[in-house]
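Student: pasting the structure only:
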Ligand SMILES: [Cu+2]
C-alpha cells in the first residue's frame, strides 16, 4: 500500500472508511424506525433437489401514516427475484409479475400468501430444506432496505384458516 | 327488400361469429366441463421419469390421480403433489390405493433428468411423465388441459395451466376431478369412492 505510507494518512483512511460503512447502517436503522413497518410470518416453500423456483410469503404491517411499496427483494440463494400475483380462475392457475411492486397502504397489513401475492425466487442456487432460516433483503420505496429471517417450510400457512392477533 | 336481405345476412354472420367465439372461449376457459368430448384415457406413448416408456396401460389396475404441471411451478404443483400423497397414505391405511401421475406441460424444460430430481422428492408411488413437445401437448389437448406460456423474459417463463386433478378408476375410465380449492375432506371422499371403499363395510 504505497499511497498510505505514513501513520497519519493511515488513520485518516481508517476513519474515513469506518464512517463510510457506518453511515448507511445508521440511516437504515433510522428509516426502519420512522417507517414503522412490521414484518411477520416470513416463510419460503421447501424445494425438491435442483428445483429452479419457489415462493416466499410474509405479512407486512404498515403502522405509519404513509403508504409503502415493496419494490424488490434479494436473497443469496436466488439469482433472480420478482414480485408476483397468482390467480385461480375457472380451474386455471395464472401468475403474473407485479412491475410496480406491492403497495401497503397506511395503517394496513398486506399478506403475501399461497394462492395470491408472493415473492418469486428464481434461478435457485441451493435446495431449500425445512427448518432452514434464510436472510432476505426487502426494498421499500420510502423506507429503503429491511432484512427479514425467512423460515423454510413444506407447507406455508395459507392465512385462511388461522386468525392471529398481534 | 334488398336492404332487408343484406341486414339479414349481416345479422346471421354476426350471430355465427358470436357463437363460434363463445364456443372457443368456453373451450379455453372450461376445459374440464366437457370432459365427455375429450379423449381422456386415449392411447399414448411417452416417457416416465425413470426413463422407461409409459402408455395408457399405466392407468389400469389401480385408481389414478392425474395432474398436469411443471417443475418451474412455485406453488400449485408442489402443493398438489404433497396433498395427493397425504390423501393416498390415508387411503392406504383404510385399505384403498391410488397411483399419482404428474404430466408436464413444459416438456422443453422438464426432461427425464429434471423429473428424476423432482418426482421422488414427493415420495414413492408418483410417476412423472414427459416426452417430445408434440406428443405431450397432444395428450394435454385430448384431456382438455389448458396451458399457455407467459411472463417470457431472459429469466425464463411461466406457464398458466389447468390446476385440476383428473380421477380415473382402476379400469382407466375418467370418473371426475378434484378442484384446486376443494377441501381435503371432499377430496378424500372422492378418492374413497374411486377406490370402491364406500361400498365396503
Ligand atoms: Cu410466481
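Tutor: It's in. Bear in mind that the values here come from a model prediction, so they are computed numbers and not experimental data.
Student: Please name the nearest non-neighbouring residue to the residue in chain B that chain A sits nearest to.
Tutor: Residue of chain B nearest chain A, by C-beta to the nearest C-beta: residue B:121 (3.6 Å). For glycine as for every other residue, the C-beta is placed from the backbone atoms N, C-alpha and C. Leaving out its chain neighbours, the residue that sits closest to residue B:121 by C-beta to C-beta, 6 or more residues apart in numbering or on different chains is residue A:48, at 3.6 Å.
Student: For that neighbour, which three-state class applies?
Tutor: coil (DSSP: H, G, I helix; E, B strand; the rest coil).
Student: Check the gap between it and residue B:117 for me.
Tutor: Distance of residue A:48 to residue B:117, given as C-beta to C-beta, to the nearest Å: 6 Å.
Student: and stretch B:63-79, does that touch chain A?
Tutor: Yes - using C-beta under 8 Å from any C-beta of the partner chain, a contact is recorded between stretch B:63-79 and chain A, made by B:71, B:72, B:73, B:74, B:75, B:76, B:78, B:79.
Student: what helix or strand does residue B:84 sit in?
Tutor: helix B:76-93 (DSSP states H and E).
Student: hmm, I was thinking of residue A:138
Tutor: strand A:133-140.
Student: For residue A:48 and residue B:117, work out which one has more neighbours and name it.
Tutor: residue A:48 (21 against 16; other C-beta atoms under 10 Å in any protein chain shown).
Student: Near residue B:57, how many other residues are there?
Tutor: 9.
Student: now the strands: where do they sit in chain B?
Tutor: B:45-48, B:53-55, B:64-69, B:99-104, B:126-130, B:147-153, B:156-162, B:165-168, B:174-178 (DSSP state E).
Student: Can you convert these into a markdown table and add a column each for distance to residue A:69 and mean neighbour count?
Tutor: What follows is those, written out as a markdown table (distance: least, C-beta to C-beta, whole Å; neighbours: other C-beta atoms under 10 Å in any protein chain shown):
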| stretch | distance to residue A:69 | mean neighbour count |
| --- | --- | --- |
| strand B:45-48 | 45 | 18 |
| strand B:53-55 | 48 | 14 |
| strand B:64-69 | 32 | 25 |
| strand B:99-104 | 36 | 24 |
| strand B:126-130 | 40 | 24 |
| strand B:147-153 | 20 | 13 |
| strand B:156-162 | 23 | 21 |
| strand B:165-168 | 37 | 24 |
| strand B:174-178 | 37 | 18 |
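Student: Which one of the ones you listed lies nearest to residue A:146?
Tutor: strand B:147-153 (26.2 Å; C-beta to C-beta).
Student: quick check, that closest one touching chain A?
Tutor: Yes - shown here: strand B:147-153 in contact with chain A (C-beta under 8 Å from any C-beta) through B:150, B:151.
Student: List the contacts of that strand.
Tutor: A:94-97, B:68, B:105, B:137, B:140, B:157-162 (C-beta atoms under 8 Å, 6 or more residues apart in numbering or on different chains).
Student: mind listing the helices for chain A?
Tutor: Ranges of helices within chain A are A:7-35, based on DSSP state H.
Student: where do the strands sit along it?
Tutor: Under DSSP E, chain A gives strands at A:37-45, A:53-62, A:68-75, A:78-89, A:92-97, A:102-104, A:109-112, A:117-124, A:133-140, A:144-153.
Student: will you turn these into CSV that also has mean pLDDT?
Tutor: Formatted as CSV, the strands of chain A follow (pLDDT from 0 to 100):
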stretch, mean pLDDT
strand A:37-45, 96
strand A:53-62, 97
strand A:68-75, 97
strand A:78-89, 95
strand A:92-97, 94
strand A:102-104, 97
strand A:109-112, 97
strand A:117-124, 97
strand A:133-140, 97
strand A:144-153, 95
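Student: now these as JSON lines including mean neighbour count and distance to residue B:100?
Tutor: Shown next, in JSON lines, are the strands of chain A (neighbours: other C-beta atoms under 10 Å in any protein chain shown; distance: least, C-beta to C-beta, whole Å):
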{"stretch": "strand A:37-45", "mean neighbour count": "19", "distance to residue B:100": "19"}
{"stretch": "strand A:53-62", "mean neighbour count": "23", "distance to residue B:100": "21"}
{"stretch": "strand A:68-75", "mean neighbour count": "19", "distance to residue B:100": "31"}
{"stretch": "strand A:78-89", "mean neighbour count": "18", "distance to residue B:100": "21"}
{"stretch": "strand A:92-97", "mean neighbour count": "19", "distance to residue B:100": "18"}
{"stretch": "strand A:102-104", "mean neighbour count": "19", "distance to residue B:100": "34"}
{"stretch": "strand A:109-112", "mean neighbour count": "18", "distance to residue B:100": "29"}
{"stretch": "strand A:117-124", "mean neighbour count": "22", "distance to residue B:100": "24"}
{"stretch": "strand A:133-140", "mean neighbour count": "17", "distance to residue B:100": "30"}
{"stretch": "strand A:144-153", "mean neighbour count": "16", "distance to residue B:100": "22"}
